[in-house]
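Visitor: Need coordinates for the following:
(2 chains)
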Amino acid sequence: MKQHNLIPHLFRTEFSKITAVLCKYLGVAHITAAEDIASETFLKALETWPYTGQPANPVGWLYAVARNKAKNHVQREKLFAEKIAPHLSEPATNAQENILDLSDKNIADSQLQMLFTICHPCLSTEAQIGLALRILCGFGIDEIASALLSNKETINKRLLRAKGKLRREQPAIALPPAAEINRRLSTVLRTLYLLYNEGYYSESNENILREGLCMEAMRLTQQLIDNDLTNCPEVNGLMALMCFQASRFAARKSATGTMVLYNDQDTALWDQQLIARGAYYLRQASTGNTLSKYHIEATIAYWHTHKLDSEEKWQNILQLFDLLLITDYSIIAALNRIYALAKVSGNQEAIQSALTLSLTDNQYYHTLLGELFTGTDNAAANAHFTKALLLAKTTHDKTIIRHKMERILA
Amino acid sequence: MNEFMLIFRHQDGGKIASPEQMQIWMKQTMEWIEGIAGQNKFVGGNGLQFDDSKVVRHNGVVTNGPFGEIKETLGGYVIVKADSVEEAVEFAKGSPVLQGDGNTVEVRKLAKGDGVH
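Guide: Next up, the predicted model:
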């Protein structure tokens, strides 16, 4: 009873490992059974460890229980298949009665294969992110709902539908054939990118949960890097981007838990180790002849890790945004490009360029114009901030806009 | 000094929490028990599993339990030493089981077999 020094997130980490191996073992049609077996394993620990003390080898203990439960499950299914449904054309489960293989190698292989299965093109991006959080990251329904700013019912329905779809489509839990791997990898990377962004840009006040999403996205990306078949330049580019962004986690948080914007951050809080890691992956990404949007965004993020505003910094960022708009146009990238343009060529030229976008129902468009007018035409600035305030949906955005309006008056 | 059994009753034993939540409960339960053991007042305890649970009825009918018509399930028990039921109740109040809506901890004095209970 003396040992309550449980490894942090032990259950969550082991849930994702056990579930991935079980999914592979039982087949894609039995994801729910895999989740249940994994959950029951921890329930058994909860019923035992507080009274007997934590076992000397907690992970080994959990695996022994999971193996046993898997064996019982397969036997029950077999009984069902033999006695009750002998006319079924397909066996109820394609699992063999061998022992569940929870070796490090099989865990890593199963997790990577499940990543591709979950990012199957038959599923919507939302469903992919939800399933990834549940199966690959071991989040509960409540935790997913609160990380994605949704509610339990919506998430539950989304996951049930996704699992139903996988049951019908029956994709193999395996890495795609070599010829297909690049195409399928792009879906996987998009899901990991969005998973990371959910954490990085989410409005949720739960910092720990938000950072958790980013860390999980990084861990899954690392799994792609660790396998020779999937260790492509784009994957390294994405990893570099994630490292650069994550380096500002501590600096983004104020003492009261509110968000500190880039310009106001204490650069001493930037994590230099993560910046160095990002630089490493960016070098790894610079092979071959593909230039993905992850390469470009990672390089933009790299320049943002430079503390000083130099002409070189903003010239580079501007050129990279030009490139990004050609590769993968988005409104946010277009607005960010104008911010860089202002830094390089001054506010007047940026205002002219912004006005041609004419995104009159976009709050970020008005916020940007408000900033560009501040100092030279405060009345125009105020008018744009007011429009932005009306369009803003979240408290967080509204606070930022009000803050900018107060700066005009000050 | 008497011995009291603290019996955990769960309103919703079938509901499975997230792994992270289960780990939090685990840690809290361990700390709670350590707090009692630290005063040398912990006698023993155990969790009750849902696997292989049956209910045997008076006419010999055996059903899969503990679920069925009963809403509450027994999750486990601990036995503590206490001078009074009030002291045992104070121990019970610290149980993480009570974080669950509708869950209860029943406090019962163990019969001593000396005819004076």
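
Visitor: hang on, A:N382 packs against A:H366?
Guide: No. In this structure A:N382 lies outside contact range of A:H366 using C-beta atoms under 8 Å: 11.0 Å. Backbone N, C-alpha and C define where each C-beta goes, glycine included.

Visitor: Between the two, tell me which one has more neighbours.
Guide: Counted by other C-beta atoms under 10 Å in any protein chain shown, A:N382 and A:H366 do not tie: A:H366 has more neighbours, with 24 against 17.

Visitor: helix, strand or coil for that one?
Guide: helix (DSSP: H, G, I helix; E, B strand; the rest coil).

Visitor: Would you mind naming what in chain A lies close to chain B?
Guide: Proximity of chain A to chain B is confined to A:1-4, A:6, A:9-12, A:14-15, A:36, A:38-40, A:42-51, A:54, A:138-143 under the rule C-beta under 8 Å from any C-beta of the partner chain.

Visitor: Now list the buried members of the residues you listed.
Guide: Neighbour-count burial (16 or more other C-beta atoms under 10 Å in any protein chain shown) applied to the residues of chain A next to chain B gives A:1, A:4, A:6, A:9-12, A:14-15, A:36, A:38-40, A:42-51, A:54, A:138-141, A:143.

Visitor: Report the closest residue of chain A relative to chain B.
Guide: Taking C-beta to the nearest C-beta, chain B has its nearest neighbour within chain A at A:G140, 2.2 Å off.

Visitor: any idea how far B:M22 is from that residue?
Guide: As judged by C-beta to C-beta, to the nearest Å, A:G140 and B:M22 stand 9 Å apart.

Visitor: Give me the nearest residue to whichever residue of chain B sits closest to chain A, chain neighbours excluded.
Guide: Proximity of chain B to chain A (C-beta to the nearest C-beta) peaks at B:S18, 2.2 Å away. Excluding the flanking residues, the one nearest B:S18 by C-beta to C-beta, 6 or more residues apart in numbering or on different chains is A:G140, at 2.2 Å.

Visitor: Tell me who's in contact with the one you found.
Guide: Counting by C-beta atoms under 8 Å, 6 or more residues apart in numbering or on different chains, A:G140 makes contact with B:A17, B:S18, B:P19, B:E20, B:Q21.

Visitor: Let's see which of those residues end up in strands.
Guide: Among the contacts of A:G140, none falls in strands (DSSP state E).

Visitor: Among the residues you listed, which one has the most neighbours?
Guide: The most neighbours of any of the contacts of A:G140, using other C-beta under 10 Å, belong to B:P19, which has 26 neighbours.

Visitor: From what I see, that residue and A:K17 are in contact.
Guide: No. B:P19 sits out of contact with A:K17 when judged by C-beta under 8 Å, with a separation of 10.9 Å.

Visitor: List the contacts of the helix or strand of chain A with the lowest mean pLDDT.
Guide: Least confident helix or strand of chain A, by mean pLDDT, DSSP states H and E, is helix A:141-147 with a mean of 86. Residues from elsewhere that reach helix A:141-147 (C-beta under 8 Å, 6+ apart): A:130, A:133-134, A:139, A:150-152, A:154-156, A:159, A:198-199, A:202, A:204, A:206, A:209-210, A:212-213, B:18, B:20-21.

Visitor: Just the pLDDT at the residue nearest the centre of chain A, thanks.
Guide: By C-alpha atoms, centre = their mean, chain A has its centre lying nearest to A:L195, at 2.2 Å. In the prediction, the pLDDT value recorded for A:L195 is 88.

Visitor: In contact with it, which residues?
Guide: By C-beta under 8 Å, 6+ apart, the residues touching A:L195 are A:I129, A:A132, A:L133, A:L213, A:E216, A:A217, A:L220.

Visitor: Please identify the helix or strand for B:M5.
Guide: Under the criterion of DSSP states H and E, B:M5 resides in strand B:2-10.

Visitor: Leaving out the residues flanking it, which one is nearest to A:G212?
Guide: A:G199 (7.1 Å).

Visitor: C-terminal to the helix or strand where that neighbour lies, what's the next element?
Guide: A:G199 belongs to helix A:181-201 when assigned by DSSP H and E. If you walk from helix A:181-201 toward the C-terminus, the next helix or strand you reach (DSSP H and E) is helix A:207-226.

Visitor: What does B:Q49 show for phi and psi?
Guide: phi -90, psi 160 (degrees, to the nearest 10).

Visitor: Okay, it and A:T41: tell me how far apart.
Guide: Remark: distance between B:Q49 and A:T41 (C-beta to C-beta) = 12 Å.

Visitor: Of these two, give the one with the bigger neighbour count.
Guide: Looking at B:Q49 and A:T41 with other C-beta under 10 Å, you find the greater number of neighbours at A:T41, namely 28 against 14.

Visitor: So B:Y77, which state does it fall into?
Guide: Assignment for B:Y77 (three-state DSSP): strand.

Visitor: again with the one 4 residues further on
Guide: State at B:K81, reduced to three classes by three-state DSSP: strand.

Visitor: contacting residues for the closest residue to it other than its chain neighbours?
Guide: Nearest residue to B:K81, sequence neighbours excluded (C-beta to C-beta, 6+ apart): B:K41, at 4.4 Å. The neighbours of B:K41, taking C-beta under 8 Å, 6+ apart as the test, are B:V80, B:K81, B:A82, B:F91.

Visitor: what's B:K41 sitting at in phi/psi?
Guide: Taking degrees, to the nearest 10 as the convention, B:K41 sits at phi -120, psi 10.

Visitor: counting contacts, what elements does the helix or strand bottoming out on mean pLDDT in chain B pack onto?
Guide: Lowest mean confidence among the helices and strands of chain B (mean pLDDT, DSSP H and E): strand B:62-64, at a mean of 84. With contacts taken as 3 or more C-beta pairs under 8 Å, 6 or more residues apart in numbering or on different chains; DSSP states H and E, strand B:62-64 sits against strand B:54-56.

Visitor: packing partners for the strand it packs on?
Guide: Packing partners of strand B:54-56 (3+ C-beta pairs under 8 Å, 6+ apart): strand B:62-64.

Visitor: Can you name the residues in contact with the strand it packs on?
Guide: Outside strand B:62-64, the residues that touch it by C-beta under 8 Å, 6+ apart are B:S53, B:K54, B:V55, B:V56, B:R57.

Visitor: let's see it at 10 Å
Guide: Identification of contacts with strand B:62-64 by C-beta atoms under 10 Å, 6 or more residues apart in numbering or on different chains yields B:F50, B:D52, B:S53, B:K54, B:V55, B:V56, B:R57, B:E69.

Visitor: just the contacts of B:K41 now: which is nearest A:W270?
Guide: B:F91 (48.2 Å; C-beta to C-beta).

Visitor: Quick one: neighbours of the nearest residue to A:L166 once chain neighbours are set aside, just the number.
Guide: Excluding the flanking residues, the one nearest A:L166 by C-beta to C-beta, 6+ apart is A:V28, at 5.2 Å. A:V28 has 21 neighbours, counted by other C-beta under 10 Å.

Visitor: Now do A:V28 against A:V344, distance only.
Guide: 51 Å.

Visitor: confidence score at the closest residue to B:F42 other than its chain neighbours?
Guide: Nearest non-adjacent residue to B:F42, counting by C-beta to C-beta, 6+ apart: B:I36, 4.4 Å away. Model confidence at B:I36, expressed as pLDDT, equals 96.

Visitor: give me the element B:I36 is part of.
Guide: Counting by DSSP H and E, B:I36 is found in helix B:19-37.

Visitor: Would you format the contacts of A:G140 as a markdown table with pLDDT included?
Guide: A markdown table is the format used below for these (pLDDT from 0 to 100):
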| residue | pLDDT |
| --- | --- |
| B:A17 | 85 |
| B:S18 | 91 |
| B:P19 | 93 |
| B:E20 | 90 |
| B:Q21 | 90 |
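
Visitor: Nearest to A:Q113 among those?
Guide: When these are compared for distance to A:Q113 (C-beta to C-beta), B:P19 wins out at 21.1 Å.
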